[in-house]
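> okay, structure incoming, though there's no sequence with it:
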């Protein structure tokens with residue numbers, strides 16, 4: 001093998017190696033893009049559902065506080081639900097905008113920036129929107145019970161316990177006081 005043939009073989013080997021490296025980089029990028037798409041696949045329909053939920057809550061809350069605007073307690077509850085619905089809509093719109101701005105044909109730095117923004121939003125802002133829902137689920141039944149809603153017939157043990165507790169004089173005074181405050185709050189303003 002002469003020196004010229006060795007140089008040609010060396011250059012052809014170098015070109016094949018460069019093509020192989022470029023192909024490997026392309027496969028790596030495609031696998032990462034597929035992984036990102038797979039993780040974001042359910043985010044778009046989920047945010048559309050969140051948007052629909054926000055619109056529903058906002059409309060129902062608006063109808064509620066408009067119908068009960070003369071009762072301060074119900075007005076505040078309706079406005080709080082309305083504000084929460086608007087915040088849920090805003091959060092869904094922000095996430096939808098961030099997801100739709102991720103174009104995988106863009107430079108990697110741009111895609112990473114939008115992914116980082118989306119991650120930051122989902123970890124720092126969005127969880128706060130679940131807090132009012134959690135509190136409503138936790139304290140809603142308690143508030144209904146405080147308003148005097150009796151336990152269902154299927155809960156005989158709970159009904160018996162409630163009767164024993166309500167028979168105590170201190171508890172009776174507290175319940176009467178709460179019922180008086182609720183009656184005052186629910187009475188329409190003159």
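Ah, there it is. Everything numeric in this text was worked out from a predicted model, so none of it was measured.

> buried residues in stretch 76-91?
The neighbour-count check on stretch 76-91 (16 or more other Cβ atoms under 10 Å) flags 77, 78, 81, 82, 84, 85, 86, 87, 88, 89, 91 as buried. Heads up, the C-betas are built off the backbone N, CA and C, glycines and all.

> narrow those to those in helices?
Among the buried residues of stretch 76-91, the ones falling in helices (DSSP state H) are 77, 78, 81, 82, 84, 85, 86, 87, 88, 89, 91.

> just checking, the fifth one touches residue 131?
No: applying Cβ atoms under 8 Å as the test, residue 84 and residue 131 come out as separate, 9.6 Å apart.

> following the host helix or strand of residue 19, which helix or strand comes up?
Following DSSP states H and E, one finds residue 19 within helix 3-40. Remark: after helix 3-40, the chain's next helix or strand is helix 43-67, criterion DSSP H and E.

> distance from that next one to the middle of the chain?
12 Å (Cα atoms, centre = their mean, to the nearest Å).

> same check, this time on stretch 76-87
Centroid separation for stretch 76-87 versus its chain: 15 Å, with Cα atoms, centre = their mean.

> mind listing residues that contact it?
If you take Cβ atoms under 8 Å, 6 or more residues apart in numbering as the criterion, stretch 76-87 is touched by 54-62, 64-66, 68, 129, 132-133.

> report the rounded mean pLDDT for that stretch.
Predicted confidence along stretch 76-87 averages 86 (mean pLDDT).

> repeat for stretch 30-39
In this model, stretch 30-39 carries a mean pLDDT of 71.

> quick one: low-confidence parts of the chain?
Residues of the chain that meet the criterion pLDDT under 70 lie in 1, 33, 36, 134, 137-152, 189-190.

> the domain parsing of it - what is it?
The record assigns the chain these domain ranges, following automatic domain parsing: 40-145, 147-190.

> near the residue nearest to residue 50 when sequence neighbours are not counted, how many other residues are there?
Nearest residue to residue 50 in three dimensions, chain neighbours excluded: residue 92, at 4.2 Å (Cβ to Cβ, 6 or more residues apart in numbering). A count of nearby residues for residue 92, using other Cβ atoms under 10 Å, gives 22.

> how far away is residue 92 from residue 60?
Taking Cβ to Cβ, to the nearest Å as the measure, residue 92 falls 17 Å from residue 60.
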